[in-house]
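Trainee: sequence and predicted model, in that order:
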Amino acid sequence: MTVKKNDLPIKEVLDKYIKQSKINPGFYNAKIQKIWKEKMGNSVNQHTLSIKLYGKELYIKLDSAPLKNEFHLSKDKLRKLLNEEIGSDVVEKIHIT
């Protein structure tokens, strides 16, 4: 009997599976929402009405004009933060409404 050694770490195997499967959009939506809640804090979360990923575009709906303005000015920084946390270039464009 021959025993095969696993050459890939489990993270790489899961990443490949997620990229190849159809659970990608739902998985990344859930992951982005979790990251948003953790990184933005309570004050931003209280004013966040929705956050959805469609393709590679992220739509964030806020109920605070000052927050909207602040996020409009820092969309690139926010995109980089989210992609870094996810470990992949999932978000290419952010829309704030």
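Mentor: Ah, there it is.
Trainee: grab the nearest non-local neighbour of residue 52.
Mentor: Closest residue to residue 52 apart from its sequence neighbours, by CB to CB, 6 or more residues apart in numbering: residue 59 at 5.1 Å. Yep, even glycine has a C-beta here, placed from its N, CA and C like the rest.
Trainee: touching the longest helix seen in the chain from outside, list them.
Mentor: For the chain, the longest helix by residue count, based on DSSP state H, is helix 24-46. The contact list for helix 24-46, computed with CB atoms under 8 Å, 6 or more residues apart in numbering, reads 18, 48, 51-53, 58, 67, 81-82, 85-86, 90-91.
Trainee: let's see it at 7 Å
Mentor: 18, 48, 51-53, 58, 67, 81-82, 85-86, 90 (CB atoms under 7 Å, 6 or more residues apart in numbering).
Trainee: okay, which residue is most central for this protein?
Mentor: Within the chain, one residue has its C-alpha closest to the average C-alpha position: by CA atoms, centre = their mean, that is residue 32, at 3.0 Å.
Trainee: one step back: quick one: buried residues of the helix or strand harbouring the residue nearest to residue 52?
Mentor: Using DSSP states H and E, residue 59 falls within strand 57-62. Going by neighbour count (16 or more other CB atoms under 10 Å), the buried part of strand 57-62 is 58, 60, 62.
Trainee: turn those residues into a markdown table, including pLDDT and distance to residue 38.
Mentor: Converted to a markdown table, these look like this (pLDDT from 0 to 100; distance: CB to CB, whole Å):
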| residue | pLDDT | distance to residue 38 |
| --- | --- | --- |
| 58 | 94 | 16 |
| 60 | 95 | 15 |
| 62 | 96 | 17 |
